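Novice: I'd like to go over a predicted model; first the sequence, then the structure.
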Amino acid sequence: MNLFDSHCHVHDERMPGGVDGAVDAAREAGVTTMVTVGCDRATSLAAIEAAARHPDVWATVGLHPHEAIHTVDTITDLFDRPDIVAVGEAGLDYYYEHSPKAEQAAAFAAQIGLANDLDLPLVIHTRDAWAETFDILDAEGTPERTIFHCFTGGPDDARACLDRGAYVSFSGIVTFKSATDVQAAARIVPQDRMLIETDAPYLAPVPHRGKTNQPAWVAHTAQFLADLRDEPVAELAAATFENGLAAFPKITRS
């Protein structure tokens with residue numbers, strides 16, 4: 001059973017065992033493909049370096065809404081590399097609002113434009129900003145391959161994502177007892193539009209909740225979703241693996 005962690009930060013210095021240790025643990029758990037995601041210039045460069053050293057790790061370049069005040073100009077030159085597999089994570093976060101809303105909206109719109117111009121997938125982070133996220137996507141043009149990472153909405157939000165042709169990616173949050181809306185959404189997302197992720201080192205799934213997350217633990221999210229949807233876990237793993245390859249077409253099969 002091959003597993004595809006569609007969103008992690010395996011380059012993060014908090015990763016248990018460092019990059020090498022976390023990748024080794026992931027391989028032992030059947031995770032054969034990991035997308036490590038940049039959030040600003042420094043972390044995008046760290047993601048690129050991690051991917052260069054590990055054939056099963058692939059890098060994105062992006063400006064997280066928390067970092068939007070730095071402007072997209074700080075990362076655009078990194079897209080000259082042919083091995084970048086996506087733009088993002090980009091989007092809106094009105095829960096923390098570490099960058100002002102206007103700067104977040106401008107950075108999000110600019111990265112949608114980059115994804116469209118470069119024909120790259122777009123990885124979206126949205127929190128407490130569903131309507132605004134959809135408004136900007138609709139105004140700028142939703143990229144052909146768009147991924148809503150770490151989905152935290154309910155069924156209506158999931159349908160709005162699906163209406164725009166997007167993939168919906170579930171993290172360890174779906175395993176939390178309190179995440180009833182996310183679980184309801186997970187039941188209705190078609191198998192061919194679903195991805196799984198860890199968002200490591202954040203959001204460790206049950207039974208590891210509260211610990212520093214790692215890509216190996218995407219297996220727990222896969223098992224939970226399979227049980228929730230009354231599907232064989234091998235079937236869900238195979239489907240989400242194929243969906244990962246479709247969502248990130250620069251990634252080659254392991």
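Specialist: Here it is on my side, so go on. Residues are numbered from 1 along each chain as shown.

Novice: can we go C-alpha only for contacts and neighbour counts from here?
Specialist: Fine.

Novice: mind checking pLDDT for Thr133?
Specialist: In this model, Thr133 is scored at 98, pLDDT.

Novice: ok, it - contacts?
Specialist: The neighbours of Thr133, taking C-alpha atoms under 8 Å, 6 or more residues apart in numbering as the test, are Gly91, Leu92, Thr126.

Novice: before we move on, which element is the residue lying closest to Gly154 once chain neighbours are set aside in?
Specialist: Spatial nearest neighbour of Gly154, chain neighbours left out: Asp181 (4.5 Å); criterion: C-alpha to C-alpha, 6 or more residues apart in numbering. Following DSSP states H and E, one finds Asp181 within helix 180-188.

Novice: for that helix, packing partners?
Specialist: Packing partners of helix 180-188 (3 or more C-alpha pairs under 8 Å, 6 or more residues apart in numbering; DSSP states H and E): helix 155-163, helix 218-229.

Novice: what's the following helix or strand after it?
Specialist: Taking DSSP H and E as the definition, the helix or strand that follows helix 180-188 towards the C-terminus is strand 194-196.

Novice: each with direction, which strands does that following strand pair with?
Specialist: Applying DSSP bridges, strand 194-196 is found paired with strand 167-170 (parallel).

Novice: quick check: mean pLDDT across the partner strand?
Specialist: Mean pLDDT, computed over strand 167-170, is 98.

Novice: can you list the buried residues in the strand or helix carrying Phe134?
Specialist: Secondary structure from DSSP H and E places Phe134 in helix 130-140. Neighbour-count burial for helix 130-140, counted by 16 or more other C-alpha atoms under 10 Å, picks out Trp130, Thr133, Phe134, Ile136, Leu137, Glu140.

Novice: surely the last one meets Leu114?
Specialist: Which is Glu140. No: if you go by C-alpha atoms under 8 Å, Glu140 and Leu114 don't touch, sitting 10.6 Å apart.

Novice: including distance to Glu235 and pLDDT, could the contacts of Thr133 go into TSV?
Specialist: Shown next, in TSV, are the contacts of Thr133 (distance: C-alpha to C-alpha, whole Å; pLDDT from 0 to 100):
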residue	distance to Glu235	pLDDT
Gly91	31	98
Leu92	33	97
Thr126	29	97
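
Novice: picking that back up, burial of the residue nearest to Gly154, as a residue count?
Specialist: Neighbours of Asp181 under the rule other C-alpha atoms under 10 Å: 15.

Novice: please consider this matter closed, and thank you.
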